[in-house]
Every structure is written in C-alpha cells, then in structure tokens.
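Q: starting from these lines, generate the structure:
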Amino acid sequence: MVAEFLNCSVISDEAVNCSGSIFDLPEKRLTYRDEEFWIYLGVYVGLVLIAGLMSGLTMGLLSLDPTTLAVLRDGGTEREQRHAKRILPLVSRHHLLLVTLLLANAAAVEAMPIFLDRISDPVIAIVTSVTAVLIFGEVIPQAICTRFGLAIGAVLSPAGSTDGEKDDDYLTIDEVLIIKGALDMKYKTARDAMVPISEVFMLSIDDRLNSETMTQIMTRGHSRIPVYGGDRSNVIALLLTKTLIKLDPDDNISIKDIVSSRIYARPAMFVDDTLPLFDLLNQFQTGKNHLAMVRKNRPPQPASSGAAASDYQSDTEPLLKIEDEPYEESEAQELVGVIALEDVIEELLQEEISDETDVQNLQEMGGMLQVAMAKAVNRHR
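A: You can find the predicted model right below:
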C-alpha cells in the first residue's frame, strides 16, 4: 500500500490550498474581543427593533378606523388633530400600508440569524432569536402601539404625508357632531339627558279638567303629561294631550275619571337612572312609549311567580288601579326626572331639537290661548 500525502497551505483566513485544490475554511466565530463582533451585535439589535416596530405599527395603525381619525382631526384636541392629520392619508391606503409593514417585518426577522450566527453557537442563536422575536418583536411592541398607536404613527409617518389631501375629505360640522354624539352616548345614562322632576309639568289625580287646567296644558305644549297621586313621585299614568280635544272644559271632569276611562291615558314607563342611553333608545324604538319616568337605581328584587322581570324598566300595572285610600310611595320608586325620545335624539345629534312649541314668547302664547278659550266659552253659552 502506498501512502498518499496532501500538501496543504493556508492562503488566507477563509481558504486553504491542498495539492492545487482550494477549499474554503469555515467562518471563524467572532468573540467580544473582535471589533466586528460589536458591529454584528449592533446590527442584530437594530433588526430586532425594526421587526418589533413593524409588528407594533401593524397592530397600532391598522386598528385605527379612518372615520374615527376624521372625527379626531376635525373635533379632537389640538394634539389629536395634529396626529390624525398626519396619519389619515397613510391609513386610507390600507392595503399598501399592510403589505409594506409585513414585508419590512419579514425582511428583518429573516436577516437576524445571519448576523447572530457569526457571534454565537447555532443552538444559542436559535433560542436567542425566538425569544427576542417573541418578546421584543411581538409582545412588547404590539402592547405599546395598541395603546399609543396614534402618537407613534404620527411621529413615524412620512413627512408631507398630508400633501394632496382633498378638501372634500373633511367632515362637516354636523357630521362631526353626530359621530361624536354617537361615540359619547356609549358612556351616558338616562340621568345625563333627563329633565329633573322638579321642572316637569304634572297633574294631580285630584285636579279637574276645567278652563284653567286646559290653558296650562295648551301653554305647556307637551304631548304627554304625567299624572300623580298624592306625591309627585307616585306617577299613575301619562295623559295624552291630543285626546283631550274631545272633552269640554265646562264639564269640569276630574282627572281621576279621565284616567279611569283608559281612552285618554297610557301606562307610564319607568327606567333606572343608570340605564345606558343606547338601551333606552332601543326601548323607545319598540313604539310602546316615547316618554319614560326616571327613578333612582333600585336594588334587584326577586320577580314574583308568573310575572316577567326586567332589569331596567317596568310599566305601571295595572294602569288604572285607582282607589280612595291615600297613595303610598316606595323608596324603590323614587323619581328623579323624566326623559323623552327627543332628549335621547338631542344627545345623539348634539343639538337642540325645536318644535312648534319651542317659542320665545311662550307666556304670550298662553295668554292668547286663554283669551281664545274664553271667547269660545262665551259663544257656547
């Protein structure tokens, strides 16, 4: 057997020449003593930050609704307006923004092992990369950008991104008010929109429908008038004003008899003062009643067998259970105000709704009505 020997010589740090054949040597792993070690480490850290930033912006920017940004741009604070104005053109190009962020994130994540492999063991490189990407590239950036997405996106948005923005993209004042009202209604309850009970025009069950009472009703201009027994908090029913046109004031009919007829009155709906306005609007939309008596939030009570329980509202039941004995008011039914469908709509529109009864000289109108009624009575006689 003839022994064969190879004559090898090192050409450079990366290659060796063995009997005329050149072989590449494995790359030397860098240590902290090498200058390139810190360069590779710095690049790796930069890639982690870029990957985290792209991941966070993907969550933060894409979660911003263009309509919400438009509202903030036109009706938010000065800082919110400035941030929303920079971000809105960027977010409006949703698909381009998504593709850009995903490509940048993927490029950074894929390049990380290339630099980490030169300064650490392969096993350590895998564990370090997975941990760094999970914690610093996903969890922390997404948590931060979800909370401060508007501010971070505004800082990192391209300069001049608002150029070319069309004037017709801006919302009108009315549109901003309606959108803002809809957003604010989420946090409002019946107490925020109700009319205090002390300002509500009401009739006692012991009153009589004479000329003076009719004049008061016509002067007020309400379509429904609460009727109470004994105390103002003990509302029995709602008197329908439009049905009273059939009655003659000279008959001096008692309110008790009118309510008992079931023709001129309806059950009163009661709601808790903590009822959200959206839930109250849903109840009004059923068409059963457009006026509700607001009471203090009462503790939950067990429903009697065979009776339907409700968390928020109940009707006076039975409507016309009128007895000669004094009326008693329970603490759970303590009234604090009245709320109508119009009040809820005003909260939504952020504007007052004026109707034919909203006139400046309402007292003068009442005087005119009183004179007209007196003339009508004289003609009747």
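
Q: what ranges do the helices span in the stretch 51-200 of the chain?
A: Secondary structure of the stretch 51-200 of the chain (DSSP state H, counting those that start in this stretch): helices located at 66-75, 78-92, 94-116, 122-134, 140-156, 173-184, 190-193.

Q: with the stretch 251-381 of the chain instead?
A: According to DSSP H, counting those that start in this stretch, the helices that the stretch 251-381 of the chain contains are 255-260, 277-285, 341-349, 362-380.

Q: weakest of those by average pLDDT?
A: Out of the helices of the stretch 251-381 of the chain, helix 362-380 stands lowest, with a mean of 52 (criterion: mean pLDDT).

Q: list the buried residues for stretch 90-98?
A: Neighbour counts over stretch 90-98 (16 or more other CB atoms under 10 Å) mark Leu90, Val91, Leu97 as buried. To be clear about C-beta, it is placed using only N, CA and C from the backbone, and glycine gets the same treatment.

Q: swap in stretch 273-293?
A: Within stretch 273-293, judged by 16+ other CB under 10 Å, the buried ones are Asp273, Leu275, Pro276, Leu277, Leu280, Gln283, Phe284, Asn289, His290, Leu291, Ala292, Met293.

Q: in CSV, list the residues you listed along with distance to Leu348.
A: Output for the buried residues of stretch 273-293, formatted as CSV (distance: CB to CB, whole Å):
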residue, distance to Leu348
Asp273, 19
Leu275, 16
Pro276, 13
Leu277, 8
Leu280, 11
Gln283, 15
Phe284, 12
Asn289, 19
His290, 15
Leu291, 17
Ala292, 16
Met293, 21
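
Q: verify the contact between Leu183 and Thr67 for me.
A: No - at 10.1 Å, Leu183 does not count as touching Thr67 under the criterion of CB atoms under 8 Å.

Q: identify the contacts common to these two.
A: Common neighbours of Leu183 and Thr67, counting by CB atoms under 8 Å, 6 or more residues apart in numbering, are absent.

Q: now for this protein, the helix or strand with the poorest mean pLDDT.
A: strand 313-315 (a mean of 48; mean pLDDT, DSSP states H and E).

Q: sorry, back to before: quick one: which of the buried residues of stretch 273-293 is nearest to Arg82?
A: For the buried residues of stretch 273-293, the closest approach to Arg82 (CB to CB) belongs to Leu277, at 31.2 Å.

Q: contact partners for the closest one?
A: Met185, Lys188, Thr189, Ala190, Asp192, Ala193, Val344, Glu347.

Q: try 6 Å
A: Taking CB atoms under 6 Å, 6 or more residues apart in numbering, we find Leu277 in contact with Met185, Lys188, Val344.

Q: I'd like those as TSV, with distance to Thr146 appended.
A: Below are the contacts of Leu277 laid out as TSV (distance: CB to CB, whole Å):
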residue	distance to Thr146
Met185	24
Lys188	26
Val344	32
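
Q: tell me the most packed of the residues you listed, by neighbour count.
A: Val344 (23 neighbours; other CB atoms under 10 Å).

Q: fine, thanks again, bye for now.
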